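*Asks:* My questions concern the predicted model and sequence given below.
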Amino acid sequence: MHSELKRKSSFETDEIEVDYFFLRLISYASLVHNADGLARDWTFIRRGRRRWSTAFELASTSGAEWSEVFHRSQHKDYHLDTKTTQWEDPRFYNPQIAGPAVPYSRDYKRKYEYFRAHLIKPENVPNKFDMHIRRDHVFEDSFRAIMSVTTSRADTGLDYGGVAREWFFLLSHEMFNPYYGLFEYSAMDNYTLQINPNSGLCNDDHLSYFRFVGRVMGIALHHGKLLDAFFIRPFYKMMLGKPICLNDMESVDSEYYNSLLWIEDNDPSELELRFVVDEEVFGVTQTRELKPGGADILVTNDNKNEYINLVIKWRFVSRVTDQMNALMSGLNEFIMQSLLTIFDPHELELLMCGLQKIDVKDWKDNTLYKGGYNANHPVIQNFWKCVLSFDNEMRSRLLQFVTGTSRVPMNGFRELYGSNGLQKFTIEKWSTPEMLPRAHTFNRLDLPPYTSYQDLKDKLVKAIENSASFEGVD
């Protein structure tokens with residue numbers, strides 16, 4: 001039998017068992033629901049008896065007003081203004097409230113289906129590979145286990161749901177943590193990653209670790225799993241073997257970009273620049289030549305383009321060539337390079353990391369209800385009202401609490417997976433209002449029938465904030 005990825009017991013052991021060779025991804029199309037955003041500001045108005053409405057006032061010159069009215073015979077709400085009437089809450093159509101729509105494209109879908117269809121099944125590979133991972137040593141235990149495998153390809157099999165995704169989630173946090181010296185944050189923020197050019201000074205065996213990172217990336221891509229990390233755009237271009245240009249630097253280091261842009265648009269002769277760059281290594285500034293004899297070559301109007309290209313190459317390529325080669329050697333053990341290069345850098349980011357922002361409408365449209373709940377049940381309406389009130393970070397934490405990952409699959413919520421393949425996000429009626437919500441590994445949220453919006457929100461937030469490590473799922 002296919003053994004499931006599972007935690008033995010939160011009270012007995014800190015080990016988990018992972019069959020990462022028995023995973024499978026089934027893809028299908030995600031549809032985009034295009035609609036115009038509506039009001040940013042709204043006020044709630046309650047009317048007498050059983051008939052009530054919600055008035056939305058547009059933050060614009062139109063002055064249009066939306067109303068939410070309960071339809072007695074069909075037992076559901078509908079939304080109307082002076083020109084249109086609809087069942088859907090108009091807030092779900094406002095990307096500023098509900099998040100951006102899924103960036104689905106037919107071209108990407110074709111590429112993705114081709115990618116899935118041409119993954120190579122390995123030869124002479126054991127049908128099952130067990131990893132015993134201590135929760136407090138996810139990085140090192142995973143490194144030893146994965147690097148002990150001699151196969152050049154990964155097998156396909158079953159998806160184990162939330163805990164498998166959470167293993168990728170936790171391992172991502174560890175192996176991409178700048179504390180280990182393999183990666184560092186870009187100059188622009190503290191969440192976009194790039195390879196640390198001085199990783200060898202932090203760890204003599206750093207290239208083995210980059211090969212390990214590549215293997216993890218390959219396993220994730222092969223099985224449709226997402227990594228909880230985002231990289232600078234030149235990183236994806238290097239993975240695809242595409243040239244890096246000046247515009248790629250703008251989102252990574254705007255100050256450096258503006259300096260090079262000025263040189264491109266002006267005559268730099270008076271600056272007395274030379275074909276060298278200064279690099280700070282652990283507080284010590286070192287001068288590097290961009291080409292042999294560069295310290296003696298002045299940058300002029302005639303050779304400035306060569307200088308700019310060499311600076312870009314040094315900034316993104318030359319300093320991390322060994323690390324990137326090691327990473328790609330590990331990744332290509334699982335994914336052929338010819339398959340990877342069918343994607344552009346943006347598509348590769350979607351493939352590896354999913355969507356950064358959560359589209360609440362897409363989430364709601366792809367949610368199932370059980371145990372007496374339905375889309376028009378007051379508890380469910382309060383739930384989605386609560387999700388709309390969350391910022392994107394809190395929405396990600398809710399998603400991670402229920403599914404094991406904070407990332408949305410590349411084609412949206414239609415591609416959530418459970419132990420038996422596709423498994424949509426599900427909300428099931430459970431227990432009594434005194435209990436906190438609980439989550440299962442099959443994308444299911446057990447939600448008690450809370451009698452008020454505030455009680456639901458308070459209990460849901462408490463459940464999310466109290467969850468930690470592998471304890472967020474049942």
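*Replies:* Now that the structure is in, tell me what you want to look at.
*Asks:* what about the strands in the stretch 351-474 of the chain?
*Replies:* Secondary structure of the stretch 351-474 of the chain (DSSP state E, counting those that start in this stretch): strands at 367-370, 417-418, 421-422, 425-429, 438-440, 444-447.
*Asks:* And the ones you listed: which comes nearest Arg135?
*Replies:* strand 438-440 (17.7 Å; C-beta to C-beta). In this view, the C-beta of every residue, glycine as well, is placed from N, C-alpha and C.
*Asks:* mean confidence for that closest one?
*Replies:* The average of the pLDDT scores along strand 438-440 is 87.
*Asks:* what does stretch 360-374 give?
*Replies:* Here stretch 360-374 scores 97 as its mean pLDDT.
*Asks:* So in this protein, which helix runs the longest?
*Replies:* When the chain is parsed with DSSP state H, its longest helix is helix 206-222.
*Asks:* any idea of the mean pLDDT for the next helix or strand after that helix?
*Replies:* Per DSSP states H and E, the first helix or strand lying C-terminal to helix 206-222 is strand 230-231. Across strand 230-231, pLDDT averages out at 89.
*Asks:* partners of strand 230-231 in the sheet?
*Replies:* Applying DSSP bridges, strand 230-231 is found paired with strand 192-195 (parallel).
*Asks:* which residues sit against the partner strand?
*Replies:* 176, 178, 182-186, 210, 229-232, 234-235, 252, 320, 323-324, 327 (C-beta atoms under 8 Å, 6 or more residues apart in numbering).
*Asks:* and if we set it to 10 Å?
*Replies:* Contacts to strand 192-195, defined as C-beta atoms under 10 Å, 6 or more residues apart in numbering, come from residues 176-178, 182-187, 210, 213, 229-235, 238, 251-253, 315-316, 319-324, 327.
*Asks:* if we can go back for a sec, from the chain's centroid, how far away is the longest helix of the chain?
*Replies:* With C-alpha atoms, centre = their mean, to the nearest Å as the basis, helix 206-222 stands 17 Å off its chain's centre.
*Asks:* before we move on, the earlier item: could you pick out the buried ones from the contacts of strand 192-195?
*Replies:* Buried members of the contacts of strand 192-195, counted by 16 or more other C-beta atoms under 10 Å: 176, 182-183, 186, 210, 213, 229-235, 238, 252-253, 315-316, 319-320, 323-324, 327.
*Asks:* and the residues you listed, which of them are in strands?
*Replies:* Phe183, Phe230, Phe231 (DSSP state E).
*Asks:* who touches the last one in this structure?
*Replies:* So the one you mean is Phe231. If you count contacts by C-beta under 10 Å, 6+ apart, Phe231 has them with 176, 183, 186, 192-195, 238-239, 345, 348-349, 352-353.
*Asks:* Tell me what the residue nearest to Asn196 when sequence neighbours are not counted is bridged to.
*Replies:* In space, and not counting its chain neighbours, Asn196 is closest to Glu184: 4.4 Å by C-beta to C-beta, 6 or more residues apart in numbering. On the basis of DSSP bridges, Glu184 is bridged to Gln194.
*Asks:* so Glu184 sits right up against Pro197, yeah?
*Replies:* Yes. Taking contacts as C-beta atoms under 10 Å, Glu184 lies within contact range of Pro197: 8.5 Å.
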